[in-house]
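**Student:** Sharing a sequence plus its predicted fold:
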Amino acid sequence: MTDTSTLTIRPVPPRQLSWLRTEVSDWTSQGLITPEQADAIRTRYRSDHHARSSIGRVLLLLGGGFVGVGLIWLVAANLDQLSPVARFGVVGGLWLLFLVGGEALAARRASAPLVGGIRLLAALGTGAVIFQAAQSLQVPAFEPRLVGLWAAGTLLHGYLARAYLPFVVGIATGLYWWFVQPMWDAQSGLTVVVLLGAAAVLAAGLAVVHDGRLDSFAWTWRTLAGGMALLALFVAAVPEIGGGAVEWSPWLVVVLAAAGVAAAGSVLVRPGLRALEPAGAIVVLGAATLLAMWSTGTDSTDVDAADWLRAAVSVGAYVALAVALVALGTVREHPPLSWMAMVGLVVFTTFQSFAVFAPIVTGAWLFVVLGTVFLGTGFLVDRARRELAQALDTTTDDTDGAAR
């Protein structure tokens, strides 16, 4: 008999717990496990519904966010009466208090919402310290390099402490830096497309590297990769978005090199089918860049064969990407990818239909054409998703049968 008093109780989502209890009852009725073993399995898991959705958790996170934003605001507006050294000391002291306090609470296994709230304060306080130091050194507060340092600091905190909220703050601030820094001196639509595609490559590579090591981080990187890929093709399909050339800068070279290193690292760390994710992102980067460079003219009232061809290629590429993301979401059990793909497809086809068909057909016929496009693309995506899910179920059944 198993001693249940020594088992570690693991919290799981309510839906998974309900499924597990149903399966355990089925296994017991078939004689696969004994009633004692079934009881041992049931007592090892508990629902974490209340921990995840409690009002206390929401209030702690909101409180941490408001205090952190208020701290940065104080740096910008309300500490002028103190000397620069005193201001930096106050802000730095508060940041250290939050940083050390959050990790001390985590080491003592305090309430997860409380630890998350304090860690969020520390992540936001990192920005306050950086901006205060810049103010003391007479560095303009709007410099994107400051946000880049903020992102680097919070990402370092997130990885060293395996802390998710600082990691998310680092992702958000890092995205801002990723796009603003390379375009600080000169802007062009084609550069935006390249940056979106490169972000998809970087995120896809890092998602593969994190798989099996930091699953929550991998989940976030994979979600980001899907979103950036969809945006890259969407922006690239806007007529004349790539009218200007890529505005090269040292920072653009840096971000492209970082994307390449992440893709190469994923292949070295996780060779095999997983390498298809960063490879697919590289294909999206190339396709989006070429599509953005494809110019057909600026007269929206005169839609010729070249405009139709470009629109058809754009829709085809976007549908292919959406189907690929649905497939990836099914294989990786990552529902946000599938939802993003379907929502993105609806928005994209709406945009393309009005951009291409509106100058030709108007009124009710425009909605008939638009609905036809929706039905066709929706049928293709849904059928691909169903066939893939059925194929995966068949593969799993065959594997289970061979194991028996």
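**Tutor:** The structure has been received and is ready for your questions.
**Student:** Now find how far off-centre the strand or helix carrying residue 92 is within its chain.
**Tutor:** Residue 92 is part of helix 84-107, with elements assigned from DSSP states H and E. Distance, stretch centre to chain centre, for helix 84-107: 29 Å (CA atoms, centre = their mean, to the nearest Å).
**Student:** Over to stretch 200-220?
**Tutor:** 9 Å.
**Student:** what's that stretch in contact with?
**Tutor:** The contact list for stretch 200-220 (CB atoms under 8 Å, 6 or more residues apart in numbering) reads 158, 162, 164, 167-168, 171, 221-222, 224-226, 228-229, 232, 255, 258-266, 269-270, 274-275, 277-278, 280-282, 284-285, 334. Every residue, glycine included, has its C-beta placed from N, CA and C.
**Student:** Now, those residues that are in helices?
**Tutor:** Those of the contacts of stretch 200-220 mapping onto helices are 158, 164, 167-168, 171, 221-222, 224-226, 228-229, 232, 255, 258-266, 269, 277-278, 280-282, 284-285, per DSSP state H.
**Student:** Quick check on those: which are buried?
**Tutor:** Buried residues within those, counting neighbours by 16 or more other CB atoms under 10 Å: 158, 164, 167-168, 171, 221-222, 224-226, 228-229, 232, 255, 258-260, 262-263, 266, 277-278, 280-282, 284-285.
**Student:** Taking helix 84-107 as reference, get the angle to the helix or strand following the helix holding residue 92.
**Tutor:** Using DSSP H and E, the helix or strand that follows helix 84-107 in sequence is helix 112-136. If you take axes from the mean of the first three to the mean of the last three CA atoms, to 10 degrees, helix 112-136 sits at 160 degrees to helix 84-107.
**Student:** Report all helices and strands that helix 112-136 contacts.
**Tutor:** helix 55-77, helix 84-107, helix 144-161, helix 164-180 (3 or more CB pairs under 8 Å, 6 or more residues apart in numbering; DSSP states H and E).
**Student:** now for these, which one comes closest to residue 122?
**Tutor:** helix 84-107 (4.0 Å; CB to CB).
**Student:** which helices and strands does the closest one pack with?
**Tutor:** Under the contact rule (3+ CB pairs under 8 Å, 6+ apart), helix 84-107 is packed against helix 55-77, helix 112-136, helix 144-161.
**Student:** Would you mind checking the average pLDDT for the first one?
**Tutor:** Taken as a whole, helix 55-77 carries a mean pLDDT of 61.
**Student:** Count the residues that sit near residue 323.
**Tutor:** Neighbour count for residue 323, taken as other CB atoms under 10 Å: 19.
**Student:** re the thing from before, nearest to residue 325, out of the helices and strands packed on helix 112-136?
**Tutor:** Taking the helices and strands packed on helix 112-136 one by one with CB to CB, helix 164-180 is closest: 19.1 Å.
**Student:** State the mean pLDDT of the closest one.
**Tutor:** Helix 164-180 shows a mean pLDDT of 91.
**Student:** Which residues in that helix does the neighbour count mark as buried?
**Tutor:** Neighbour-count burial for helix 164-180 [16+ other CB under 10 Å]: 164-171, 173-175, 177-178, 180.
**Student:** residues making contact with that helix?
**Tutor:** Taking CB under 8 Å, 6+ apart as the rule, helix 164-180 contacts 61, 116, 119-120, 122-124, 127, 144-145, 147-148, 150-159, 192, 195, 199, 216-217, 220, 224, 255.
**Student:** Beyond the helix or strand hosting residue 28, next helix or strand please.
**Tutor:** Using DSSP H and E, residue 28 falls within helix 14-29. For helix 14-29, the following helix or strand on the C-terminal side (DSSP H and E) is helix 35-43.
**Student:** what about that following helix, distance to the chain center?
**Tutor:** Centroid separation between helix 35-43 and its chain, computed with CA atoms, centre = their mean, is 38 Å.
**Student:** repeat for stretch 137-153
**Tutor:** That offset, for stretch 137-153, works out to 23 Å (CA atoms, centre = their mean).
**Student:** What residues sit buried inside it?
**Tutor:** In stretch 137-153, the ones that count as buried by 16+ other CB under 10 Å are 144, 145, 146, 147, 148, 149, 150, 151, 152, 153.
**Student:** and the closest residue to the last one other than its chain neighbours, how many neighbours?
**Tutor:** Put plainly, it is residue 153. Nearest non-adjacent residue to residue 153, counting by CB to CB, 6 or more residues apart in numbering: residue 126, 4.4 Å away. The number of residues packed near residue 126 is 27, by other CB under 10 Å.
**Student:** gap between residue 126 and residue 337?
**Tutor:** Between residue 126 and residue 337 the distance, using CB to CB, to the nearest Å, works out to 30 Å.
**Student:** And the helices in the stretch 251-400 of the chain?
**Tutor:** Assigned by DSSP state H, counting those that start in this stretch, the stretch 251-400 of the chain shows helices spanning 276-293, 305-331, 335-357, 364-403.
**Student:** Could you tell me the least trusted of these?
**Tutor:** Among these, helix 364-403 scores lowest, at a mean of 57.
**Student:** The helix holding residue 28 to helix 35-43, inter-axis angle?
**Tutor:** Relative orientation of helix 14-29 versus helix 35-43 (the same axes, to 10 degrees): 180 degrees.
**Student:** buried ones in helix 14-29?
**Tutor:** For helix 14-29, by 16+ other CB under 10 Å, it's 17, 24, 28.
**Student:** Kindly state the pLDDT recorded for the second one?
**Tutor:** At residue 24, the model reports a pLDDT of 85.
**Student:** residues touching it, list them.
**Tutor:** Neighbouring residues of residue 24 by CB under 8 Å, 6+ apart: 33, 38, 41, 42.
**Student:** try 10 Å this time
**Tutor:** 32, 33, 37, 38, 39, 40, 41, 42, 45 (CB atoms under 10 Å, 6 or more residues apart in numbering).
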